[in-house]
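Colleague: need the 3D shape of this:
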Amino acid sequence: MKERKYSGHWWIDGEKDNTISGELFTYEGSMPELQLNGAFRPNERSQSTISTNKIHGRAGNDLITLSNCQRNKISNQTDTFGTSIESEWVAQYCTIGHPYYNQNIALDELYVEFEGVGDWIRFDGLDMDMDIQNPPIWSSGDKATIEYTQPDSVDAWIDGEKISVSLSMDSNHERGEQATIKLKNRFKISPNRPRVPLSDYFPTISKLQNFVSFGASGSVAKKEIGGKIQGDDVEILIPENAETDIESHPHRMLFTLPDIESNFAKVLSNWDRITTEYQEIIDLYSAASYNPGMYPRNELQNYVHSLESYHRQKWGNEYMHPWTFSYFLKDIKDILKGNPSNVYSGASHPLREMYNVPDSMVQSLSYGALKYSNEYSLRKRLSEIVDAHRSTLKGLPFSIVDKVGLATDTRNYFAHYTEELRKKAVTSGPELQKLVWGVKQLIEVCLLDELGMPEDYIKSRLESKYQNKFVNPV
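Modeller: Predicted structure coming up:
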């Protein structure tokens, strides 16, 4: 959100008779702040905090609406001219360009521009033609021509919304000084009905931001948000705390728009499904991947937790059916705490055969873990995920194919810090970082597969992304 200042007159929605002068300030990463030369609603001046849904303002030709507003300061100021009241409000966001008087904030369509994603989108509509040598030595009559051609947009329909990626151009010519051409890569969201509340767009914006971040292998910040309502152009100022920090070269990204352009609708539809079914996985992956200050041990725990959640939802969570296990658990408790004859009375087969108990479950069973012994172990979960993608993972830099046991022991050590686990774990140094990359790579394989990417593409992209990574010896 750009740093700006708007001086004008302001009033609470529906209370235009009480108009107060003041200034609106917007700052990078902060909520819009309105400083008033007075206070709304005199009978509420004694309250330290009050809130209101909307505050409107006019600053020159700009029509401004602040939404979800809260007064966080009110004070009396005394000078040689007497005593005056000043108050300060903050808002969740503000809109500029349409008079939302006595109506909800809504748009017919919305666009969002993400910062620094030109190398991910890779649209190019400019072509420059010069009739002189390079470097240029200009002579009288020499010409340079810059031509702009509007590229076709890339479109998809998702849940009643048309999602388009397009390029727009802004030009400016300052006589005798300079001419500038600015290209903007935008995602446009066009619902199949008019006047959609702004809050209904937010989940789609978040999904697109996560989508581009995952593809570009780094965090992506919202640079500009706007839209249209009844023919009016509307600018939306929302605080953005994220910063853009993506891979510097497209070949080290997991995918770019040209890679998926022919299947954009399918890939984006799959992402929509993934964010519904596996939101926790994406949140855990993002929290670790886009936080350069996170310790490797914390990264590892996030990534492993993400894989546990993925396995639980995709493969299941239990060795035995819960109903069967409840009876099995009762019998086990009778054996451990009661009279075994209560279990074996009239039975002609061993307990293991009666319930067809897997060997791996018998090995992991202990008295202290009885309650949770029906849940798959971490080792089993990681093994099954690796087995499902073994051909893709095999041969990749930092591959976890032969390190499931090490990843399990290391994660368990960081969870419990026992001496026994420490002897089997990698606790620091280059080997821990390599293990972190291997586990992260496994999540990326899973998510790229869920997006419908071919195996050879996944393998090629991950080779490019990880082949030049290295850790300095400690």
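Colleague: now residue 2: closest residue in space that isn't a chain neighbour?
Modeller: Excluding its sequence neighbours, the residue lying closest to residue 2 (CB to CB, 6 or more residues apart in numbering) is residue 26, at 6.6 Å. Every C-beta, even on glycine, is put in place using the N, C-alpha and C of the backbone.
Colleague: thought that neighbour was touching residue 3?
Modeller: Yes. The pair formed by residue 26 and residue 3 meets the contact definition of CB atoms under 8 Å, at 6.3 Å.
Colleague: between those two, which one's more packed in?
Modeller: Remark: of residue 26 and residue 3, residue 26 carries more neighbours, 21 against 9, as counted by other CB atoms under 10 Å.
Colleague: report the contact partners of the more buried one.
Modeller: With contact taken as CB atoms under 8 Å, 6 or more residues apart in numbering, residue 26 is in contact with 1-5, 32-33, 94, 237.
Colleague: from the residues you listed, which single one is nearest residue 88?
Modeller: Using CB to CB, residue 33 is the member of the contacts of residue 26 that sits closest to residue 88, with 6.7 Å.
Colleague: give me the element the closest residue to residue 154 other than its chain neighbours is part of.
Modeller: Spatially, and ignoring its direct neighbours in sequence, residue 154 is nearest to residue 165 (4.5 Å; CB to CB, 6+ apart). Element membership for residue 165, per DSSP states H and E: strand 161-174.
Colleague: pLDDT of that strand, averaged?
Modeller: Strand 161-174 carries an average pLDDT of 77.
Colleague: tally up the residues packed near residue 107, please.
Modeller: 27.
Colleague: give the buried residues for the host helix or strand of residue 264.
Modeller: Counting by DSSP H and E, the element that carries residue 264 is helix 264-277. Within helix 264-277, the residues that count as buried by 16 or more other CB atoms under 10 Å are 264, 267-272, 274-275.
Colleague: ditto for stretch 303-316
Modeller: Of all the residues in stretch 303-316, those buried under the rule 16+ other CB under 10 Å are 303-311.
Colleague: what is the rounded mean pLDDT of it?
Modeller: In the prediction, stretch 303-316 has an average pLDDT of 91.
Colleague: ok, now stretch 3-10?
Modeller: Along stretch 3-10, the predicted confidence averages to a pLDDT of 94.
Colleague: got the buried residues for it?
Modeller: By neighbour count, and taking 16+ other CB under 10 Å as the criterion, the buried residues in stretch 3-10 are 6, 8, 10.
Colleague: likewise stretch 454-465?
Modeller: Under the neighbour-count rule (16+ other CB under 10 Å), stretch 454-465 has 458-459, 461-462, 464-465 buried.
Colleague: distance to residue 55, secondary structure and pLDDT added to those, as TSV?
Modeller: Shown next, in TSV, are the buried residues of stretch 454-465 (distance: CB to CB, whole Å; DSSP: H, G, I helix; E, B strand; the rest coil; pLDDT from 0 to 100):
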residue	distance to residue 55	secondary structure	pLDDT
458	50	helix	97
459	55	helix	97
461	48	helix	96
462	50	helix	97
464	51	helix	94
465	47	helix	94
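Colleague: now the element after the longest strand along the chain, going C-ward?
Modeller: Taking DSSP state E as the criterion, the chain has its longest strand at strand 62-79. Read in the C-terminal direction, the helix or strand following strand 62-79 is strand 82-96, with elements assigned using DSSP H and E.
Colleague: parallel or antiparallel, which strands does that next one pair with?
Modeller: For strand 82-96, the paired strands and their directions (DSSP bridges) are strand 33-36 (antiparallel), strand 62-79 (antiparallel), strand 232-237 (antiparallel).
Colleague: thinking again about what came up before, so what touches the longest strand of the chain?
Modeller: Strand 62-79 is touched from outside by 6, 8, 24, 32, 34, 39-40, 45, 48-58, 83-100, 105, 198, with contacts defined as CB under 8 Å, 6+ apart.
Colleague: of the residues you listed, keep whichever come out buried.
Modeller: Those of the contacts of strand 62-79 that meet the buried threshold are 6, 8, 24, 32, 34, 39-40, 50, 52, 54-57, 87-91, 93-98, 100, 105, 198, by 16+ other CB under 10 Å.
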